[in-house]
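K.L.:
My questions are about this predicted structure, shown below with the sequence.
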Amino acid sequence: MKKAILCIFLILTAAALLLSACTKGADPVSPTKDPASSTANAPSGDATAAPTEEPAPTDEPSPTDEPTPTEEPTPSPAPTADPSIEKGANVALSAEIDDVSSTTGETHVQWGWSYEFINDGIRWDANPPASLGWTTNVGVNLDDPLQEEWIVFELENYTLIDTVNVCPTISAACFPIDFHIEVSLDGKNYVTVASVEGCDRVRTGSDEPVVMTFEPVTAKYVQFVATKLYEVPSGNDGILMQIGEIEIIAG
């Protein structure tokens, strides 16, 4: 009986030793780690940072075209007066009438009145063939002494001038009261060079020319402009302007 008990004890002891040896040789099973938790708890030096998106490139503004510079026009040289024209010559004799404010009716042309007689070299001559000068149209301007009248001469050449003589007709009848002289190089842009106000030729009856002098100036066009006329007291002729001759003198 004692022998049987001892055998059982030995067997149990051997089994316990064997079980203990097997347990020490086996590695314990490690719990499965959550990958996300492992990544979150990983040291910052080992973590892989998500790439930062590069900002979209800003379009470069298109260059603004430089404005094309405007070329300054080359100024034309001022016309030079013809040096062959003799000082003191009456250049109106060879001038053309470029414009006139009032022609003369045919009835009065036969009596010696026409704008064409204003530069014929005759201050006035009532003998046949008559050349009295220029009269504005009779019976047209009945009530306006401030109506402007003018005549424009185009000289044959660019000319240096310094005097214009305005000659009355017989007894200075209907000679203007206020008038002036303008000159131009192109027939468009005029400059006033001399003027007269309150001329008394009608009152005195003198047929002496009104001499208008000024600083020498080069001109191609010369314009005589009357701004106040002699008012005829009565009659049907109306308010007229009458001039025997205009002389343009080279300076």
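P.N.:
All right, it came through fine. Please read these numbers as outputs of a predicted model, since none were measured by experiment.
K.L.:
Could you tell me which residues make contact with Q223?
P.N.:
Q223 makes contacts with W150, I151, V152, F153, I181, E182, V183, S184, Y190, as judged by Cβ atoms under 8 Å, 6 or more residues apart in numbering. The way it works is simple: take the backbone N, C-alpha and C, and place the C-beta from them, glycine included.
K.L.:
Try it again at 10 Å.
P.N.:
98-99, 150-153, 180-184, 187, 190, 192 (Cβ atoms under 10 Å, 6 or more residues apart in numbering).
K.L.:
May I see the buried residues of stretch 78-97?
P.N.:
Of the residues in stretch 78-97, A81, I85, N90, V91, A92, A95 count as buried by neighbour count, 16 or more other Cβ atoms under 10 Å.
K.L.:
Over to the first one: give its phi and psi.
P.N.:
Torsion angles at A81 (phi, psi; degrees, to the nearest 10) stand at phi -70, psi 140.
K.L.:
wait, isn't it in contact with T159?
P.N.:
Yes: between A81 and T159 there is a contact under Cβ atoms under 10 Å: 5.6 Å.
K.L.:
what sits in contact with each of those two?
P.N.:
V217, T218, A219, K220, A250, G251.
K.L.:
Hmm, the last one is touching T159, no?
P.N.:
Yes: under the criterion of Cβ under 10 Å, G251 makes contact with T159 at 8.5 Å.
K.L.:
What ranges does the stretch 1-150 of the chain have for its strands?
P.N.:
Counting by DSSP state E, counting those that start in this stretch, the stretch 1-150 of the chain has these strands, from start to end: 96-100, 134-135, 149-167.
K.L.:
For L142, grab the count of nearby residues.
P.N.:
Applying other Cβ atoms under 10 Å, we find 10 residues neighbouring L142.
K.L.:
In contact with it, which residues?
P.N.:
L142 touches V232, N236, D237, G238, I239, counting by Cβ under 10 Å, 6+ apart.
K.L.:
returning to what we had before: tell me the two of the shared contacts of A81 and T159 that are most distant?
P.N.:
In the shared contacts of A81 and T159, two members sit farther apart than any others by Cβ to Cβ. They are K220 and G251, at 14.6 Å.
K.L.:
out of these two, which sits in the busier spot?
P.N.:
Ranked by neighbour count (other Cβ under 10 Å), K220 and G251 place K220 first, with 20 against 17.
K.L.:
what's the angle from the helix or strand hosting the more buried one to strand 149-167?
P.N.:
Element membership for K220 (DSSP states H and E) is strand 210-228. Relative orientation of strand 210-228 versus strand 149-167 (axes from the mean of the first three to the mean of the last three Cα atoms, to 10 degrees): 150 degrees.
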